[in-house]
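K.L.:
Below: sequence and its predicted model.
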There are 2 protein chains.
Amino acid sequence: MTMNLKTLAQELGLSQTTVSRALNGYPEVNEATRQRVQQAAARYNYRPNSRAKGLATGRAMMIGHVIPASTRHEMVNPVFGDFVGGASDAYARHNFDMMFTRVADGNDESTYRELKAKRAVDGVIIQGPLVNDARIPLLNALDLPFVVHGRSSGIDEPYSWVDVNNKRSFQRATEFLLDLGHTRIGLINGLEHMDFAQRRRDGYLAALKARGIPTDPALMRSNEMTEVFGHHQTRHMLQLDAPPTAILTSSMISAIGVRRAIEEAGLKMGRDISIITHDDELSYLKNGQDVPIFTATRSSVWKAGEIAAEMLLSQINEPANVPQTRLLEAELVVGRSTGPAPQG
Amino acid sequence: MTMNLKTLAQELGLSQTTVSRALNGYPEVNEATRQRVQQAAARYNYRPNSRAKGLATGRAMMIGHVIPASTRHEMVNPVFGDFVGGASDAYARHNFDMMFTRVADGNDESTYRELKAKRAVDGVIIQGPLVNDARIPLLNALDLPFVVHGRSSGIDEPYSWVDVNNKRSFQRATEFLLDLGHTRIGLINGLEHMDFAQRRRDGYLAALKARGIPTDPALMRSNEMTEVFGHHQTRHMLQLDAPPTAILTSSMISAIGVRRAIEEAGLKMGRDISIITHDDELSYLKNGQDVPIFTATRSSVWKAGEIAAEMLLSQINEPANVPQTRLLEAELVVGRSTGPAPQG
DNA sequence: TTGAAAGCGTTACCAG
DNA sequence: CTGGTAACGCTTTCAA
């Protein structure tokens, strides 16, 4: 048997009401009484039953993260872990908890509906948005607060998001390789229906176009970002008549496979071929300026998680408070769509 | 306003009791009534409010995973993601949810106490056990059901665990390298207070000893399993007067750094040096037998997550049901400690 | 086979 | 400043 409000109140010779008020910081309680109550609560290690509290207040103090089963590898992607780490720090500050639901493919509509109907969460974070992601209209219709990590092209409803500037960073990375003299640059990208993959490709193409370098479809691959595919795609590219002299990879995990394929081909890194990866903390000197290349570094993704969580909580706490699109620290971008959204 | 039991019952002209019984599969309800109720529930997309249900039943239908902040890199370790993936599959089958709590270092005692006092979860999974891990006696004292992913040497209380055979796999891997003719084998291990790291080292040492190969402390490193440290440690080992000709790595993530250091040293993989990594799906022919080397492959870790979750749920549902130590599929081991535990 | 009513442990309203 | 009491939405006994 564990302590509850009723017995704690009896123990103190007070009413449940007063004890509850003392513990929840209501002003109208006598300071001496409050002290007494707090001490007793500490002594008995009393914590309000979260389900009872939730029932009474109508708030779950819980945020849901729904993970499609298809993206089994997603959980392994460092971006996932870092984002979630940052978010959970923010939740902890506000005494919220974080709930994960893995969902079979194609089943996410019913999952969100259920989350809403069961009142299991006060809001959700959407990870890995697709192009024209159906979850966004769904959640708007369900009136379940949410924030998207990333953006979804093709959606014209309002929604809040936090993203890195994928287009700009891939454009920069490509320019960097061009500056080094490479003209055949391979792109190992994520799946094309993922929104970020399109933005990254756009950046890559824009850089090539600006220099008048022809694009070669054989150098542009897209698939799940796993070691196996990184390896596979690289092997094929290296067998081309005119293989790439540099490779741009979308994730640290696929880069493992890329490097293995390069090893196996007997090529020497840095001499025969160069590779750079989206998670790298890289910058380079250009016109006397230190220019960062990638924006999805481990720490900025962590930060993105924190910001997304804070946005969601503020949306939940004061629904009137609609976030504005703005730039954060030059690298992170947050926004409310259907406003004047920053490009990239 | 969303549908609840009361209005659903009114809509049907039935009592809440009957509706509840019909929906929860109680036998004493008229089949025609049940049909009618189920259809109405589906039509209104009714789901019982999980907090109200939890209050009434005394069960949270939620499992907690507590993640120490120190292991920030842990969330990035594929082992973490795969284990959690498997576990959440199992939870989904039983309609349980999964809650994550990140906790500042040294604060985990109060976190577990709070989880218990708030009745937020029905049980917890312990990840990354240390040698003589204090969480085990704590949770036993709190009477909060738990299952450990891994084991904790030095604990003599009973507890349930699921583990791979770390010792045997590192012993095998070392033997494999010895069979290839290597005599200077570097070990890049996890932090030594982590229980698994000790077991792995033991396996490595046992293999060397069996062949009479002297051990060299300079070849045995242990640290967090990150790219940075993998790189760092490898660089140092390669600068030795007698550098290793093979390296055994504890994780795919640190292996990234290992490979980079080897590249930078201008060595050619497979000719100058070989590396194998604990996550590799490797096997080799020995005496005409195909012998698997490592046991912590991605898929077996996934499976371990499923098994751990199932053990925990069965412990929660029928506390009398104490799991027995046993071998699963030759590679996974589950158990109840203070029984005759399998070695390794 | 069905229903009324008493919890489950809080919060919040309304009196005093 | 404090207390009584009615929600919150469900399950579960006890009666019918």
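P.N.:
Sure thing, it's come through.
K.L.:
Show the contacting residues for residue A:103.
P.N.:
Residues in contact with residue A:103, defined by CB atoms under 8 Å, 6 or more residues apart in numbering or on different chains, are A:66-69, A:111, B:92. For glycine as for every other residue, the C-beta is placed from the backbone atoms N, C-alpha and C.
K.L.:
Max pairwise distance over the residues you listed: which two?
P.N.:
A:68 and B:92 (12.7 Å; CB to CB).
K.L.:
Can you name the residues of chain A that neighbour DNA strand C?
P.N.:
Contact residues, chain A versus DNA strand C (CB under 7 Å from any atom of the strand): A:4-6, A:16-17, A:20, A:23-24, A:46-49, A:52-53, A:55-57.
K.L.:
Make a ChimeraX selection of the buried ones in those residues.
P.N.:
A single ChimeraX command selects the buried members of the residues of chain A next to DNA strand C (16 or more other CB atoms under 10 Å in any protein chain shown):
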select /A:4,5,20,23,46,47,48,49,52,53,55
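K.L.:
which of the residues of chain A next to DNA strand C are close to DNA strand D?
P.N.:
A:16-17, A:52, A:55-56.
K.L.:
so which two of those residues are the farthest from each other?
P.N.:
Among these, A:17 and A:55 lie farthest apart (CB to CB), at 17.0 Å.
K.L.:
helices or strands up against the host helix or strand of residue A:137?
P.N.:
With secondary structure defined by DSSP states H and E, residue A:137 is part of helix A:135-142. Applying 3 or more CB pairs under 8 Å, 6 or more residues apart in numbering or on different chains; DSSP states H and E, one finds that helix A:135-142 contacts helix A:108-117, strand A:123-126, strand A:146-149.
K.L.:
What are the structural domain limits within chain A?
P.N.:
Split into domains by the TED database, chain A comes to A:5-48, A:62-164+A:301-328, A:166-299.
K.L.:
Show residues contacting the strand or helix carrying residue A:11.
P.N.:
Assigned by DSSP H and E, residue A:11 belongs to helix A:5-12. Contact with helix A:5-12 is made by A:15-16, A:18-20, A:36-37, A:40-41, A:44, A:46, A:48, as judged by CB under 8 Å, 6+ apart.
K.L.:
and the next element down the chain from it?
P.N.:
helix A:16-23.
K.L.:
and the angle for that next one with helix A:5-12?
P.N.:
Helix A:16-23 and helix A:5-12 are oriented at 90 degrees to each other (axes from the mean of the first three to the mean of the last three CA atoms, to 10 degrees).
K.L.:
Which residues belonging to stretch A:209-225 are considered buried?
P.N.:
So stretch A:209-225, judged by 16+ other CB under 10 Å, has buried residues A:213, A:219-225.
K.L.:
Buried by neighbour count: which residues of the longest helix seen in chain A qualify?
P.N.:
The residue-count maximum for a helix in chain A (DSSP state H) belongs to helix A:298-317. Going by neighbour count (16+ other CB under 10 Å), the buried part of helix A:298-317 is A:298, A:300-316.
K.L.:
packing partners for that helix?
P.N.:
Here helix A:298-317 touches strand A:62-68, helix A:78-93, strand A:123-126, strand A:146-149, strand A:160-164, strand A:332-336, going by 3+ CB pairs under 8 Å, 6+ apart.
K.L.:
do you know which of those lies nearest DNA strand D?
P.N.:
DNA strand D lies closest, by CB to the nearest atom of the strand, to one member of the helices and strands packed on helix A:298-317: strand A:62-68, at 15.7 Å.
K.L.:
For that closest one, what is the distance to the chain centroid?
P.N.:
Relative to the centre of its chain, strand A:62-68 is centred 12 Å away, using CA atoms, centre = their mean, to the nearest Å.
K.L.:
can you pull the buried residues of it?
P.N.:
Of the residues in strand A:62-68, A:62-68 count as buried by neighbour count, 16+ other CB under 10 Å.
K.L.:
Do a quick rundown of the strands in the stretch 101-250 of chain A.
P.N.:
A:123-126, A:146-149, A:160-164, A:185-189, A:220-222, A:246-249 (DSSP state E, counting those that start in this stretch).
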